[in-house]
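Colleague: I need the structure of the sequence given here:
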Amino acid sequence: MAVITAAMVKELRVKTDAPMMECKKALTEADGNMEQAEEILRVKLGNKATKAASRITADGVVAIYIDEPGKIGAIVELNSETDFVAKNADFIAFANDIAKLVAENKPADVAALSALPLNGSTVDEVRKGLIGKIGENISIRRFQIIEGKGKLSTYIHGGAKIGVIVDVVGGNDEVAHDVAMHIAASKPKALDKDGVDQNLIETERRVAIEKARENGKPEHLIEKIAEGSVNKFLKEVTLLSQPFVKDDSKSVGELLKSNGATVSAFALFVVGEGLEKRNDDFAAEVAAQAAAARA
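Modeller: Just a heads-up that it's a prediction; the model follows:
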């Protein structure tokens, strides 16, 4: 049986970036053979990634990349299970790397992005390696590309939990930044009413009709009441109609017009939006681990 030294463990850790105890176990199993130990760790990391893949990833970060001419922007949501991992330097670096890849390669979807080369591997292989290293599931949820007609302005808020790219034609840098900040704060669903999902509008209409009937409104007024509710809804969720957050005496549309500017497009990502949040009982988890260790 070979003697496993601290220097050997350190060397394997540098090569694989695996936890120290995992490196020591692999070296022991390989009887000190460095190459065999490295192979053992690759297998173990792959297994860890497989086990983690079923767990919910509702935390994470938004990463943004704008190319040098400032005409192509990419926004990516990379998910983790916990906020702790979302603050990990390797996790954040990976998010930034894939945002750049999206802008440069314009993949059709997440599957195409996952197959792109990154640091001598594919994006998906790097992702799985990161899962093995960190021990949490990691997933690329979505991305969007914006090709600017004017100036692309960005805004990141709340520890990279909210990210915005907006394409402002005309105006100046301050106006573009203010609009990006407004989008992050007010979270519009579309630029104007033409961009709002028709299903959302119909849902709003049905709810308004039911409320009006429950409140005993005359039948001949119900459609008019519903139309008013829909118009109010559209004003609240469309960027150009929303009151500007820094001066609610004017709308964003009026702000843009007064500065000779228009918005061509925007992208807004909020981490975990629409996903089920993980709700772990940490004390119970520690107790379970202690019980397993005793067993």
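Colleague: can you give me phi and psi for Pro131?
Modeller: Just to correct that, residue 131 is Ile rather than Pro. phi -60, psi -50 (degrees, to the nearest 10).
Colleague: Neighbours of it, how many?
Modeller: As a burial measure, Ile131 scores 23 neighbours (other C-beta atoms under 10 Å). C-beta coordinates here come from the backbone N, C-alpha and C atoms, glycine included.
Colleague: Kindly report the same for Ile72.
Modeller: If we define neighbours as other C-beta under 10 Å, then Ile72 has 18 of them.
Colleague: from what I can see it touches Asn105, true?
Modeller: No: here Ile72 does not reach Asn105: they are 10.7 Å apart, not a contact under C-beta atoms under 8 Å.
Colleague: in this structure, which spans are strands?
Modeller: Counting by DSSP state E, the chain has strands at residues 59-66, 72-80, 117-118, 121-122, 138-147, 151-157, 162-170, 243-244, 247-251, 261-270.
Colleague: So what's the residue count around the nearest residue to Gly272 once chain neighbours are set aside?
Modeller: Once flanking residues are discounted, Gly272 sits nearest to Ala58: 4.2 Å by C-beta to C-beta, 6 or more residues apart in numbering. Neighbours of Ala58 under the rule other C-beta under 10 Å: 20.
Colleague: Same question for Arg13.
Modeller: With other C-beta under 10 Å as criterion, Arg13 counts 16.
Colleague: now Ala93: how far from Thr122?
Modeller: Computed as C-beta to C-beta, to the nearest Å, the Ala93 to Thr122 distance reads 17 Å.
Colleague: quick revisit: pick the most buried one from the strands of the chain.
Modeller: strand 72-80 (a mean of 26; mean count of other C-beta atoms under 10 Å).
Colleague: just the helices in the chain please.
Modeller: Taking DSSP state H as the test, the helices found in the chain are 6-16, 20-29, 34-52, 83-86, 89-105, 110-114, 123-134, 173-186, 198-214, 219-237, 252-258, 282-294.
Colleague: what's the closest of the ones you listed to Arg141?
Modeller: Smallest distance to Arg141 across the helices of the chain (C-beta to C-beta): 7.6 Å, for helix 110-114.
Colleague: for that closest one, packing partners?
Modeller: Judged by 3 or more C-beta pairs under 8 Å, 6 or more residues apart in numbering; DSSP states H and E, the packing partners of helix 110-114 are helix 89-105, helix 123-134, strand 138-147.
Colleague: Just the C-alphas of that helix, formatted as PDB.
Modeller: Presented in PDB, the C-alpha positions along helix 110-114 are these (Å, rounded to 0.1, in the frame of the first residue of the first chain):
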ATOM      1  CA  VAL A 110     -29.700  26.100 -24.900                       C
ATOM      2  CA  ALA A 111     -28.800  22.800 -26.400                       C
ATOM      3  CA  ALA A 112     -26.800  24.500 -29.200                       C
ATOM      4  CA  LEU A 113     -25.100  26.700 -26.600                       C
ATOM      5  CA  SER A 114     -24.300  23.600 -24.500                       C
END
